[in-house]
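S.K.: Mind looking at a prediction? Sequence and model below.
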Amino acid sequence: MYDGIVNVYKEAGYTSHDVVARLRGVYGQKKVGHTGTLDPLAEGVLIVVLGRATRLADLIITKKKKYTAEMLLGITTDTDDITGNVISEAESGETDRLFSNKAMLEGLIKDVFSGFMGKSKQIPPRYSAIKINGKKLYEYAREGIEVELTPRPIEIYSLILKGINESEHKVLFEIEASKGTYVRSLIRDIGERIGCGATMSGLVRDEINGIYLSDALKISDLEKLKGEDRLAESVLPMDKLLENYPEVHVRKEAVRFLSNGNRLSQGSFTEQDEELVMQAEFFRVYMDDEIKALYTYDKEKNNYKVFKML
């Protein structure tokens, strides 16, 4: 069984669930998951976790993500992207006038972008996998049931205008945002502030926490590696996404406690390591150069307790 992560290029048309199902066959194991859904329309980096690494999925998705997004100005849809039904459309000629002065439109968009920077609350799309009372929002939407949507905290770190397509009324931009940010919803809200409405017409996820699109492998690439008996080359170490957290190695006398998931006492690591880990949210604990667990410092008891066993 493989334990680790795979940088998969999710192609448009696939759901994230589709990718996981295909890779269960490719890797020949059931313990396969992913760390953050991409809509069928979207493409780009999808981090797939294998074996023991599935226990890290909830930690991986807490990081920043970078996207290249395309928005179509002049219409809104019920799904907030071009796959949905049009629910409003700008008056004839209004969008043409907006795009007739590119310099003015660039200034307007940049000004609107600035208003979305930083922390805020966002209303998610009605067609999304968020659960309310055990049922996904898109299931309510398909049944025509109105559900009150609660704004969710998000943070936008950067918004950079990359291009304007006057003939197609489209705008290309880059975004770096926190966990839980729906780019579709952001585009919907940007269109509302511009005054003509907007919907997402394209999305590529470029990076998650140091895992880049340029290194991603398509399913066909993975199938080819399997046929060449080189599939192991596609699997990155499962601690690859935790490199920002301290790494410590247990002393021999603490190995038994670590193996059983017990608390670790002062003196389980070197003095230098212990100074480092007391300040961390959690830290990586290794035995014989293999990551075994994540621990955190318990200030009250002045020892270390399990954050997550691997």
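M.R.: Looks like it arrived, so ask away. A quick note: this is a predicted structure, and the numbers were derived from the prediction, not measured.
S.K.: Only alpha carbons, please: show the strand ranked longest in the chain as CSV.
M.R.: Secondary structure of the chain read by DSSP state E shows that its longest strand is strand 152-165. Coordinates of the C-alpha atoms in strand 152-165 are reproduced here as CSV (Å, rounded to 0.1, in the frame of the first residue of the first chain):
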residue,chain,number,x,y,z
ARG,A,152,-18.8,32.1,6.2
PRO,A,153,-15.5,33.8,7.2
ILE,A,154,-12.9,34.0,4.4
GLU,A,155,-9.7,35.9,3.7
ILE,A,156,-8.5,37.2,0.3
TYR,A,157,-4.7,37.7,0.3
SER,A,158,-4.3,39.0,-3.3
LEU,A,159,-6.3,39.8,-6.4
ILE,A,160,-4.4,40.6,-9.5
LEU,A,161,-5.9,41.6,-12.9
LYS,A,162,-4.3,39.7,-15.7
GLY,A,163,-6.3,40.6,-18.8
ILE,A,164,-9.5,41.8,-20.4
ASN,A,165,-11.1,40.3,-23.4
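S.K.: quick one: contacts of that strand?
M.R.: The list of residues contacting strand 152-165 from outside it, by Cβ atoms under 8 Å, 6 or more residues apart in numbering, reads 64, 68, 99, 102, 105-106, 109-110, 113-114, 116-124, 170-178, 180-181, 186. (C-beta placed from N, C-alpha, C; glycine too.)
S.K.: Check these for burial and list the buried ones.
M.R.: The neighbour count (16 or more other Cβ atoms under 10 Å) marks 64, 68, 99, 105, 109, 113, 116, 120, 122, 124, 170-173, 175-177, 181, 186 as buried among the contacts of strand 152-165.
S.K.: Going toward the C-terminus from the longest strand of the chain, what's the next helix or strand?
M.R.: If you walk from strand 152-165 toward the C-terminus, the next helix or strand you reach (DSSP states H and E) is strand 170-177.
S.K.: Please state the offset of that following strand from the chain centre?
M.R.: Here the centre of mass of C-alpha atoms in strand 170-177, compared against the chain's by Cα atoms, centre = their mean, to the nearest Å, lies 16 Å away.
S.K.: ok, now stretch 283-303?
M.R.: Once both centres are worked out by Cα atoms, centre = their mean, stretch 283-303 turns out to sit 26 Å from its chain's centre.
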